[in-house]
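K.L.:
Below are the sequence and a predicted model for it; my questions follow.
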Amino acid sequence: MRRLFLVLALALLAAAALSASALAKEGGVELSSTPFGIDPGDPWSGTLTVFSENGLSGKTSPSISIRNLGTGETKTFNTKPAKIPTTAHSSSYVFQVVFPTAGRYRYTARDGVTDREYNFPIVQIGDPSAAPVVKPGAGIDENGFPVWPLVGGLAAAGLLALAAFVAIRSRKFAH
C-alpha cells in the first residue's frame, strides 16, 4: 500500500511540474491591482509586470486597453518603465488608466513582447459594490488562465498512477 501511495505521489508531482513548465514557457502579465470600485474619471494606477521564458528585449512596450461594453468605445493607455529592478525574464511598468464614464468595461493587457492580449474579468465602473461578471470560456478561467494544460497534466498523472498500480498488482500475483 505504501508503494501505491509513493507511485501516486510521484505521478502527481511529475504532472504538476510538467503543467507548470508548459505554462511558464508562454510568459504572461501580472497586474498589481484591479479597477474594481473605481468611479468614472478617477485614475486607476498600478504596476504591470511582463514575464517571458525566452527573455525580454529592450523594446518591450506593454499597454492596457479598456472597452466600454455598452458603447463599444475603446481606449488604450501606454505604460512607462517602473523604477523596480528587472530581470532577464521580467520587467515592470507603471500605468494610469481613467474610465471616462460609468458602465461595464472589459480591460485587457498587451504584453508588448509577443503582442499577446490578456483579458481580465468584466468590471462595473461607477458602482463599488458590483461584483465582476464572469463569462465561461473554452478552457480559460475568469482571469484568462488556460486550464487545459492543468487538466491534461492531472489526467496524465491519473493514468500513470493507474498503470503503476496495475503493474505492482500483477507482479504480486505472478510470484
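P.N.:
Okay, I see it.

K.L.:
and the top helix by length along the chain, average pLDDT?
P.N.:
Longest helix in the chain, counting residues (DSSP state H): helix 148-174. The predicted model assigns helix 148-174 a mean pLDDT of 75.

K.L.:
One more: stretch 39-58?
P.N.:
Here the average pLDDT along stretch 39-58 is 82.

K.L.:
List every C-alpha atom in it, with coordinates, as CSV.
P.N.:
The C-alpha coordinates for stretch 39-58 follow below in CSV (Å, rounded to 0.1, in the frame of the first residue of the first chain):
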residue,chain,number,x,y,z
ASP,A,39,-15.5,55.7,-10.1
PRO,A,40,-15.7,57.3,-13.6
GLY,A,41,-12.9,59.9,-14.0
ASP,A,42,-10.8,58.5,-11.1
PRO,A,43,-7.4,57.2,-12.0
TRP,A,44,-6.6,53.5,-11.7
SER,A,45,-2.9,53.3,-11.1
GLY,A,46,-0.6,50.3,-10.7
THR,A,47,2.2,48.2,-11.9
LEU,A,48,2.1,45.7,-14.9
THR,A,49,4.8,43.1,-14.8
VAL,A,50,5.7,41.2,-18.1
PHE,A,51,7.2,37.7,-17.9
SER,A,52,8.8,35.8,-20.7
GLU,A,53,10.6,32.5,-20.6
ASN,A,54,12.6,33.4,-23.7
GLY,A,55,13.9,36.7,-22.2
LEU,A,56,12.8,40.3,-22.8
SER,A,57,14.2,42.7,-25.3
GLY,A,58,14.8,46.3,-24.6
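
K.L.:
For it, buried residues please.
P.N.:
Buried residues in stretch 39-58, counted by 16 or more other CB atoms under 10 Å: 44, 46, 48, 49, 50, 51, 52, 56. Quick note: C-beta positions are derived from backbone N, CA and C, even for glycine.

K.L.:
host element of the third one?
P.N.:
Okay, so that is residue 48. Assigned by DSSP states H and E, residue 48 falls within strand 43-51.

K.L.:
related to what we said a few turns ago, and the buried residues of stretch 39-58, which is closest to residue 33?
P.N.:
Residue 33 has its nearest neighbour among the buried residues of stretch 39-58 in residue 46, at 4.1 Å by CB to CB.

K.L.:
The closest one contacts residue 31, doesn't it?
P.N.:
Yes - judged on CB atoms under 8 Å, residue 46 makes contact with residue 31 at a distance of 5.9 Å.

K.L.:
and the chain, what are its domains?
P.N.:
What automatic domain parsing lists as the domains of the chain is 1-25+146-175, 27-143.

K.L.:
and residue 62, what is it in contact with?
P.N.:
Contact analysis of residue 62 by CB atoms under 8 Å, 6 or more residues apart in numbering lists 29, 48, 50, 79, 93, 109, 110, 111, 112, 113.
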